[in-house]
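Mind folding the following:
(4 chains)
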Protein chains: 4
Amino acid sequence: MSKLTDARVPFQHEMRVAWADCDPAFIAYTGRIPYWGLEAIDAWWEHHAGYDWYALNVDRGIGTPFVHLCLDFTAPVTPRHKLFCEVTLVKLGQKSIRHRVIGRQDGKDCFSGEFVSVFVATSSFTSREPPEDLLAIFQALEAG
Amino acid sequence: MSKLTDARVPFQHEMRVAWADCDPAFIAYTGRIPYWGLEAIDAWWEHHAGYDWYALNVDRGIGTPFVHLCLDFTAPVTPRHKLFCEVTLVKLGQKSIRHRVIGRQDGKDCFSGEFVSVFVATSSFTSREPPEDLLAIFQALEAG
Amino acid sequence: MSKLTDARVPFQHEMRVAWADCDPAFIAYTGRIPYWGLEAIDAWWEHHAGYDWYALNVDRGIGTPFVHLCLDFTAPVTPRHKLFCEVTLVKLGQKSIRHRVIGRQDGKDCFSGEFVSVFVATSSFTSREPPEDLLAIFQALEAG
Amino acid sequence: MSKLTDARVPFQHEMRVAWADCDPAFIAYTGRIPYWGLEAIDAWWEHHAGYDWYALNVDRGIGTPFVHLCLDFTAPVTPRHKLFCEVTLVKLGQKSIRHRVIGRQDGKDCFSGEFVSVFVATSSFTSREPPEDLLAIFQALEAG
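Alright, predicted model coming up:
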């Protein structure tokens, strides 16, 4: 059950946009969108690495604090359609990882952005390289 | 009660960071930080323009949807100290406004970023220029 | 495509619990649980009535502000398993509706509670009876 | 600097309600209200016990997971006024504590409810009695 095979198919995370997410402008509140981008990256981890952030922290002692995020908003997000967040690994650094997230509703791009996190040992909160098994997965995805 | 006089003193919004904001890494969850940046800009509006976003929408029929945000995270945010978000108007476009937000705890920069929003008429969700009274306030701040 | 037929099968809403939902105790933060209960009721509306709260408000001019909620927490919620929220209509009043929500992970009850909302006309925010078509759906569910 | 003296003055926590908290009904979203109630109790801990939940967990090894909450909503909450949450200790059990929270805006009650949490050792997540120093504070408050 290697995860290496699906590197060329971009991962998509489906989400339900709700009344709870909307502000009085009848669209999703801006602050919700970074949340969704992050949640989609968490789901990407679960899908590709076999660990969501919770398992990665608790079971492997690895954290991934973010150092940067940047987003452009091109169309409002509403509860009228499901939200699909496509996540791709853009760049694997020695101790960091950069993802791109594109959010779409009804086939239309609503937002896109990049998120950079670094690998840390949870015990010391100091930066580290990713372990061999995850490195192999990431390198295959980057090549894919 | 002119707001024009305090243009050279950067506006600071004080916030309480809580247990509720933290994730199992014992620091504020990344997704909370754009929220705080936005909340600080909302407070900036209330302080300088005399309208928070709610009043601006309801009482003036003006919305300010965001088209861009970009943040760098340089130190973890925790409940150990109050969070102070300094907000400055960086650039006033014809139909847009760019703010810089710097978040500090205990005298140390924790994050900084820029947020761009556009002015729209809430009735039509189409872009517009800001009204005269707000324009005067913004221009004084930009010059300040 | 009548919705009347499935009254005896309790509706279940599946949710992903994430790192973002957890506090430093490594379990979902208490404040998230009422959110999930509400989201499950919103999904119940979409499933049974054909309108989520957003569509109900925008397309039908009907709001459902809450007047009461009560929850018991019996086991921690974590990202280790999907969360399933079972929603049932407990009581239909003349101008109100009471739902029960039971949250389960891995076959185990984690929380349960009741939520009461009232029907209002969005134009006036005054209470009203539900319209005929929705009344028929609710009465069938209550009988089911 | 004993905290024992102010037992008869109910603690009030002031909060800013914002655009971010409101849904398309132009009022605070129901799900936000349990959050505010919890945040006010966290602030009560900081004020009376000298530990907010974060410090209580990290510095004292004591957690306070919730087993029950119940709320009635009597008036909408909006950004038009500050929100004041009055928190009182209602009952101190051997291993549990019950708080009442009343939320007010502009002198008017908007919501009220009760929250019950239990004391646990964070190392084992098993219930325990509160330590002597906190017990003394709580007993004085209960008597007050």
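
Please name the nearest non-neighbouring residue to the most centrally placed residue in chain A.
Chain A has A:Ile41 as the residue nearest its centroid, 1.5 Å off, counting by CA atoms, centre = their mean. Nearest residue to A:Ile41 in three dimensions, chain neighbours excluded: A:His99, at 5.2 Å (CB to CB, 6 or more residues apart in numbering or on different chains). Bear in mind the C-beta positions are built from the backbone N, C-alpha and C, glycine included.

helices or strands up against the helix or strand encompassing that neighbour?
Taking DSSP states H and E as the definition, A:His99 sits inside strand A:96-105. In terms of contacts (3 or more CB pairs under 8 Å, 6 or more residues apart in numbering or on different chains; DSSP states H and E), strand A:96-105 is packed against helix A:32-44, strand A:83-92, strand A:108-118.

Figure out how far that strand is from the centre of its chain.
Relative to its chain's centre, strand A:96-105 lies at 6 Å (CA atoms, centre = their mean, to the nearest Å).

Over to stretch A:80-88?
Distance, stretch centre to chain centre, for stretch A:80-88: 12 Å (CA atoms, centre = their mean).

coming back round to it: tell me which strands the strand holding A:His99 pairs with, and in which orientation.
Strand pairing for strand A:96-105, using DSSP bridges, gives strand A:83-92 (antiparallel), strand A:108-118 (antiparallel).

Next, format those as a markdown table and append distance to B:Gly63 and mean neighbour count.
Shown next, in a markdown table, are the strands paired with strand A:96-105 (distance: least, CB to CB, whole Å; neighbours: other CB atoms under 10 Å in any protein chain shown):
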| stretch | distance to B:Gly63 | mean neighbour count |
| --- | --- | --- |
| strand A:83-92 | 21 | 18 |
| strand A:108-118 | 17 | 19 |
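
For my notes, please list those in CSV and give mean pLDDT for each entry.
Shown next, in CSV, are these (pLDDT from 0 to 100):
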stretch, mean pLDDT
strand A:83-92, 97
strand A:108-118, 98
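
Can you tell me which of these is nearest to B:Val17?
B:Val17 lies closest to strand A:108-118 among those, at 20.6 Å (CB to CB).

Could I get the CA-only coordinates of the closest one as CSV?
The C-alpha trace of strand A:108-118 is given here as CSV (Å, rounded to 0.1, in the frame of the first residue of the first chain):
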residue,chain,number,x,y,z
LYS,A,108,-14.2,27.9,-10.4
ASP,A,109,-11.0,29.0,-8.5
CYS,A,110,-11.9,30.9,-5.3
PHE,A,111,-8.5,31.2,-3.7
SER,A,112,-5.0,30.0,-4.0
GLY,A,113,-1.9,30.3,-1.9
GLU,A,114,1.3,28.9,-0.5
PHE,A,115,2.1,27.7,3.0
VAL,A,116,5.6,27.0,4.3
SER,A,117,6.2,24.9,7.4
VAL,A,118,9.4,23.6,9.0
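
The following helix or strand past it packs against which elements?
Using DSSP H and E, the next helix or strand after strand A:108-118 towards the C-terminus is strand A:120-121. Here strand A:120-121 touches strand A:62-63, going by 3+ CB pairs under 8 Å, 6+ apart.

For the strand it packs on, name the packing helices and strands.
Here strand A:62-63 touches helix A:53-60, strand A:120-121, going by 3+ CB pairs under 8 Å, 6+ apart.

partner strands of it, parallel or antiparallel?
According to DSSP bridges, strand A:62-63 has the following sheet partners: strand A:120-121 (antiparallel).

re earlier: distance check, the residue nearest to A:Ile41 against chain C.
Noted for A:His99: a distance of 15 Å to chain C, by CB to the nearest CB, to the nearest Å.

next one: A:Ile97
As judged by CB to the nearest CB, A:Ile97 and chain C stand 16 Å apart.

which residues does the nearest residue to that residue once chain neighbours are set aside form a beta bridge with?
Using CB to CB, 6+ apart and skipping residues adjacent in sequence, the residue nearest A:Ile97 is A:Ser117, 5.9 Å away. Beta bridges link A:Ser117 to A:Phe66, A:Ile97, judged by DSSP bridges.

Return the residues of chain A in contact with chain C.
Counting by CB under 8 Å from any CB of the partner chain, the residues of chain A close to chain C are A:16, A:18-20, A:22, A:26, A:35, A:38-39, A:42-43, A:52-55, A:57-58, A:78-80.

one more time with 6 Å
A:Ala18, A:Trp19, A:Glu39, A:Asp42, A:Asp52, A:Trp53, A:Tyr54, A:Pro79 (CB under 6 Å from any CB of the partner chain).

Columns distance to chain D on top of those residues, output as JSON lines?
JSON lines is the format used below for those (distance: CB to the nearest CB, whole Å):
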{"residue": "A:Ala18", "distance to chain D": "10"}
{"residue": "A:Trp19", "distance to chain D": "6"}
{"residue": "A:Glu39", "distance to chain D": "17"}
{"residue": "A:Asp42", "distance to chain D": "21"}
{"residue": "A:Asp52", "distance to chain D": "21"}
{"residue": "A:Trp53", "distance to chain D": "20"}
{"residue": "A:Tyr54", "distance to chain D": "16"}
{"residue": "A:Pro79", "distance to chain D": "10"}
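
hang on, the earlier thing: name the residues that touch the strand holding A:His99?
With contacts defined as CB atoms under 6 Å, 6 or more residues apart in numbering or on different chains, strand A:96-105 is touched by A:37, A:40-41, A:81, A:83-88, A:90-91, A:110-118.

Farthest from the middle of chain A: give me that residue.
The centre of chain A is farthest from one residue, A:Pro24, which by CA atoms, centre = their mean lies 27.7 Å away.

is it true that that one lies in a strand?
No: note on A:Pro24: no strand contains this position according to DSSP: H, G, I helix; E, B strand; the rest coil, which reports coil.

How about the contacts made by it?
By CB under 6 Å, 6+ apart, the contact list for A:Pro24 reads D:Cys22, D:Pro24, D:Phe26.

can you rerun that using 7 Å?
Residues near A:Pro24 by CB atoms under 7 Å, 6 or more residues apart in numbering or on different chains: B:Asn57, D:Cys22, D:Pro24, D:Phe26.

Give me the below-cutoff pLDDT ranges for chain A.
For chain A, applying pLDDT under 70 flags the ranges A:1-8.

For A:Phe26, which residues are in contact?
C:Val58, D:Pro24.

Now it. Its backbone dihedrals?
Phi and psi for A:Phe26, reported as degrees, to the nearest 10, are phi 70, psi 20.

Kindly report the residues of chain A close to chain B.
A:24-25, A:30-31, A:34-35, A:38, A:57, A:63, A:65-73, A:122 (CB under 7 Å from any CB of the partner chain).

Does anything pack onto the helix or strand encompassing A:Gln12? Which helices or strands?
For A:Gln12, the element it lies in under DSSP H and E is strand A:11-15. Strand A:11-15 is packed against helix A:32-44, strand A:83-92, with contacts defined by 3 or more CB pairs under 7 Å, 6 or more residues apart in numbering or on different chains; DSSP states H and E.

now the ones you listed as JSON lines including distance to B:Gln105?
Below are the helices and strands packed on strand A:11-15 laid out as JSON lines (distance: least, CB to CB, whole Å):
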{"stretch": "helix A:32-44", "distance to B:Gln105": "20"}
{"stretch": "strand A:83-92", "distance to B:Gln105": "30"}
